[in-house]
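Asks: no sequence on this one, just coordinates:
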């Protein structure tokens, strides 16, 4: 569901990463619930595989550490507001009128 909501606002690479996030994050816990933790490997040849593995290692894996330091949710509010300020793609706007790209959101 998150991928569908984010699709108009993020790059194709980030959309793919969010869409497949659960399978990639499963590397951290699938083996504890009787699933194959390497389920993500079926996407090994996909162009966004390495990027998604790196994202999970950098941002998701630390979340499994109960002692990890975290930021208050308010820290992220400005980023979320910028992301949703204007869609990159829309059914209602021709591609030539898409919102300006800001970094690789």
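Replies: Sure, I can see it. Model, not experiment: these values are computed from the prediction. Numbers count the residues shown, from 1 in each chain.

Asks: Now do the same contact list for residue 54.
Replies: Listed by C-beta atoms under 8 Å, 6 or more residues apart in numbering, residue 54 has no contact partners. Bear in mind the C-beta positions are built from the backbone N, C-alpha and C, glycine included.

Asks: before we move on, what about residue 52?
Replies: 16-17, 20-21, 24, 40, 43 are the contacts of residue 52 under C-beta under 8 Å, 6+ apart.

Asks: ok, it to residue 76 distance?
Replies: 20 Å (C-beta to C-beta, to the nearest Å).

Asks: can you check residue 42 too?
Replies: Applying C-beta to C-beta to residue 42 and residue 76 gives a distance of 31 Å.

Asks: Ok, residue 19 next?
Replies: The gap separating residue 19 from residue 76 is 21 Å, by C-beta to C-beta.

Asks: When those two are compared, which one has more neighbours?
Replies: Neighbour count, other C-beta atoms under 10 Å: between residue 19 and residue 76, residue 19 has more, with 16 against 11.

Asks: May I ask which helix or strand encompasses the nearest residue in space to that one that is not next to it in sequence?
Replies: Sequence neighbours aside, residue 3 is the residue nearest to residue 19 in space, at 3.7 Å (criterion: C-beta to C-beta, 6 or more residues apart in numbering). Here residue 3 is covered by helix 2-6, with elements defined by DSSP states H and E.

Asks: Report the rounded mean pLDDT for that helix.
Replies: The average pLDDT within helix 2-6 is 93.

Asks: For the helix or strand following it, give the mean pLDDT please.
Replies: Next helix or strand after helix 2-6 toward the C-terminus (DSSP H and E): helix 12-19. Across helix 12-19, pLDDT averages out at 96.
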